[in-house]
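Novice: have a look at this prediction, sequence included:
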Amino acid sequence: MASPREIFDVSGPLHLLTSFDWRNTFHRRSLAASLVQGVYILERDRQRGISTGHENHAHASQWWERFHFQLNHVLVDESDLSFFGAIYELKYAHPVFFQSRPFPPRYVIAFRGTITRSLTKSEDMRLNMKCIFDKLEDSPRFRTAFEAVSSTVANVGPTSVWLAGHSLGASIAMLAGRNMAKSRFQLETYLFNPPFFSVPIEKLIKNEKVKHGVRIVGSLVTAGIATAMKLDRKDPEEDPFNVLSEWTPYVFVNPSDPICAEYIGYFQHREKMEGIGVGKIGRIATRHSIGSLVSGAMGRDSEPLHLLPNAYITVNLSPSEDFKKAHGIHQWWQPHFQWQSKLYKFV
């Protein structure tokens, strides 16, 4: 039986159904989050169908049909046969939609995060470990996801495709978006609670001066090692970080969520390094992580997934001591929360 949080008419963004505006960033964010929720419920419906002997997507379909999308294709993980993603197609792509920016997407490719149920927990947790060690790209799930993304872009072009994902799904969407950006295709991308695999300084340390000091030391160490290894001397045109600077995803984080909170400090720290006159050190450090440097020293190329040149960061400032709420997808379409948004660009 579906929980109330899975039923669109109980928990969904009903306030948008009569006033949706493609130019409104909150509306676009709410749509992207709803389509991700649809993937979660697709998989939960599949699991309920296995236990009951019949499959019914009535609950899941509301999360896309109410926004005039149809389910074009379900993405299946060959390792455990779970539904981890979906390709949605806009039903009514009226030409008037495309006469002014921002364009609505013809397709949205969305990815769910971890589901801690018996049929999915094992594979989802294994993929989370791959994310920690920057090995997600080697997984069958990511290969299936990226094939879907690249083929869709090849068919309709990058301006007609959005990516969206939550938690583990945000890691998949981010990696797919990065790979497309390296091929000079910048996709509009919505990343909800994306994991930042580092010590959660933002969550653990409350004193701003101490927090800043810890980050400065970290930057000095990282930049020093990178310089010693001559990793900062790449041709700018070949530097992946510079290529990625043409892509600016939307990143949504909650400071009460230790899984993603460090994105706040990561981008704020870059600005502070510029402000105190050590921007060059900050620019070197921001390209690397200690883990990627260790891998490089061992002869293995490793590009940290969480290092982004640019991002529109939206922070949910509404206090939450409940981890499930702080990390959950539902918060991103609620109209009563307090939001703070800022564009960060690598210079």
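Specialist: Noted; the coordinates are in hand.

Novice: the protein: helices as residue ranges?
Specialist: 8-11, 25-52, 58-65, 121-132, 140-156, 168-182, 201-204, 208-228, 240-244, 262-275, 279-285, 290-297, 323-327 (DSSP state H).

Novice: in terms of mean pLDDT, which of these ranks lowest?
Specialist: The minimum mean pLDDT among those belongs to helix 290-297 (a mean of 46).

Novice: do I have it right that Asn128 meets Leu168?
Specialist: Yes - counting by CB atoms under 8 Å, Leu168 is a contact partner of Asn128 at 5.9 Å. Quick note: C-beta positions are derived from backbone N, CA and C, even for glycine.

Novice: which of the two has more neighbours?
Specialist: Leu168 (26 against 18; other CB atoms under 10 Å).

Novice: identify the residues contacting the closest residue in space to Phe146 that isn't next to it in sequence.
Specialist: For Phe146, ignoring the flanking residues on the chain, the nearest one in space by CB to CB, 6 or more residues apart in numbering is Ala176 at 5.1 Å. For Ala176, the contacting residues are Ile109, Phe142, Ala145, Phe146, Val149, Leu163, by CB atoms under 8 Å, 6 or more residues apart in numbering.

Novice: I'd like to know how far Ala176 sits from Phe323.
Specialist: Here the criterion is CB to CB, to the nearest Å. By it, Ala176 lies 27 Å from Phe323.

Novice: who touches both of Asn128 and Leu168?
Specialist: The contact lists of Asn128 and Leu168 share Thr114, Pro195, where a contact means CB under 8 Å, 6+ apart.

Novice: what about Phe83, distance to Lys345?
Specialist: As judged by CB to CB, Phe83 and Lys345 stand 36 Å apart.

Novice: repeat that for Leu244.
Specialist: 12 Å.

Novice: compare neighbour counts for those two and give me the winner.
Specialist: The neighbour comparison of Leu244 against Lys345 (other CB under 10 Å) goes to Leu244, with 21 against 12.

Novice: the closest residue to Lys130 other than its chain neighbours - how many residues pack around it?
Specialist: Counting by CB to CB, 6+ apart, Lys130 lies nearest to Leu136, which is 4.8 Å off, once chain neighbours are set aside. Counted with other CB under 10 Å, the neighbours of Leu136 add up to 21.

Novice: ok, now the one 10 residues further on?
Specialist: For Phe146, the number of neighbouring residues by other CB under 10 Å comes to 16.
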